[in-house]
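[1] no sequence on this one, just coordinates:
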């Protein structure tokens, strides 16, 4: 049965390979960075299992590993590896291979889609082929492997060259790959430290909440601001709902709960478009697309976010108190 | 109420504003907030380690890199560009708006991992967009190319975000429903998801207009340049 854990082991193997290649090339800090990260990925299941069983030691060691990554990260210089093929070679190859090049690239979304749609029905004997948790992501991992095989066939290049190319791209992205995980971890530390509760307390103490429209605006802007701080509308939602949404808007001013919940969440999504804290949507794409400005994607989203927020707020204001 | 953990937020804001390396900034913020909240150091380390490894799915996109790298070496981006420049009726705006619509519809069905910055934007959408922009304004410089790629990534994000909220079995809707159930209000997921539709339509319209305005800006620059040359 294919489980999401196998995908994590694949990632671990790829990271360790990248570390090893960097070591051979004499890039010590890169080697250390990818190796520590690879070990964290490989040992992740063990850490979670031990924590669940009440042994916190592996989790503490993982915490030390995270701090080690933070100390190494500033030493990673973004180095552009020399391109492994010249522009002329790539163009010749593009002309020779034509549309065949698109097939492996399209296999990634296609195989993911097929697993998402039909994965639950695939069985071998009595065993399901895919484990239910995270089935789509398992499908994505499978799709990447299928695409690598297909790509090496189409381009008539050995598969290990794919690993070398992948490592080249990974080095180019550098420490930015870590940010989504770190920010998600930060969100959990914030929650445990009571950051959310403190902000909600300030919001409810000092902001105007007397009339319904002012309270609604406070709620909507609070969702945006809190999402910008936490990087995730899901973290903002329970805090703003418990602070303002439920006691004031629903209970006192009679707001429609489904409209308030749904559109309030969408106000938070506008905040996601604005914040470097949502690294997986905003910073990682900027690194992947080799933008010199790490905030380039956010810059391209500012006006869209503002207009979507305004239109959502107006519709919510019109509908929610009926 | 202990307000000291809020200093962790201050660390983030200052660190990002001064453009320090983000990795140590984020880890310091976590340590500052945790310590000021009075968490013992061993517990804080365990919390950090546990939260980190339980979010491993966020790194899944690196698995696309070997296949994409191999294809790029074999000329995938060059091919996407050549193909785009041959398609007469495919303008930049049609390409990006078409992608936006597809991305949003897929997300509406809960299929968010099908596309993304690593899966589709870098290998396909960005080079095709660059080729479409070259048709309007030949000889794009580096700044123009980066702006175009940023617009492509923004389009991908907006399509995803404002589609996924309409899907009833995905995080957002279930979170909203769960919150209300905890507080004694019962709502069906469908009732919540339906109210995401107005914003889904508005987001599509707004991003489409912005893409169209972006294309018009390129066209005007092309006209101005031709006038200069004439």
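    On my side now, so go ahead. Just so it is clear, the structure is predicted and the values come from calculations on it, not from any experiment.

[2] On the three-state scheme, residue 29 is what?
    Using chain A here. State at residue A:29, reduced to three classes by DSSP: H, G, I helix; E, B strand; the rest coil: helix.

[3] Nearest spatial neighbour of it, chain-adjacent residues omitted?
    Of all residues not flanking residue A:29 in the chain, residue A:75 sits nearest, at 4.4 Å (CB to CB, 6 or more residues apart in numbering or on different chains). Any C-beta I mention is one placed from the backbone N, CA and C, and that applies to glycine too.

[4] count of neighbours near the closest residue to chain B within the stretch 101-250 of chain A?
    Nearest residue of the stretch 101-250 of chain A to chain B: residue A:165, at 2.8 Å (CB to the nearest CB). Per other CB atoms under 10 Å in any protein chain shown, the neighbour tally for residue A:165 reads 26.

[5] just checking, it touches residue A:85?
    No - between residue A:165 and residue A:85 there is no contact under CB atoms under 8 Å: 9.6 Å.

[6] Name the residues contacting each of these two.
    The overlap between the contact sets of residue A:165 and residue A:85 (CB atoms under 8 Å, 6 or more residues apart in numbering or on different chains) consists of residue B:73.

[7] Show me which residues of the helix or strand residue A:166 falls within are buried.
    Element membership of residue A:166, judged by DSSP states H and E, is helix A:159-173. By 16 or more other CB atoms under 10 Å in any protein chain shown, the buried positions in helix A:159-173 come out as A:161-173.

[8] Please list all residues in contact with residue B:1.
    Residues in contact with residue B:1 (CB under 8 Å, 6+ apart) are A:194, A:197, A:198, A:201.

[9] Check the secondary structure at it for me.
    Under three-state DSSP, residue B:1 falls in the coil class.

[10] so how far is residue A:198 from it?
    Noted for residue B:1: a distance of 6 Å to residue A:198, by CB to CB, to the nearest Å.

[11] Likewise for residue A:251?
    Taking CB to CB, one finds residue A:251 at 23 Å from residue A:198.

[12] These two: which is more packed in?
    residue A:198 (21 against 12).

[13] so what's that one up against?
    Residue A:198 neighbours (CB under 8 Å, 6+ apart): B:1, B:2, B:3, B:5, B:6.

[14] which non-adjacent residue is nearest the spatially most central residue of chain B?
    Residue closest to the average C-alpha location in chain B (CA atoms, centre = their mean): residue B:157, at 3.1 Å. Nearest residue to residue B:157 in three dimensions, chain neighbours excluded: residue A:281, at 5.1 Å (CB to CB, 6+ apart).

[15] for residue A:229, same thing?
    Among residues not flanking residue A:229 along the chain, residue B:9 sits closest, at 5.7 Å (CB to CB, 6+ apart).

[16] can you check residue B:75 too?
    The shortest distance from residue B:75 to any non-neighbouring residue, by CB to CB, 6+ apart, is to residue A:94 (3.1 Å).

[17] longest single helix anywhere in chain B?
    Longest helix in chain B, counting residues (DSSP state H): helix B:197-229.

[18] Just give me how far that one sits from the chain centre.
    Centroid displacement of helix B:197-229 relative to its chain, using CA atoms, centre = their mean, to the nearest Å, is 19 Å.
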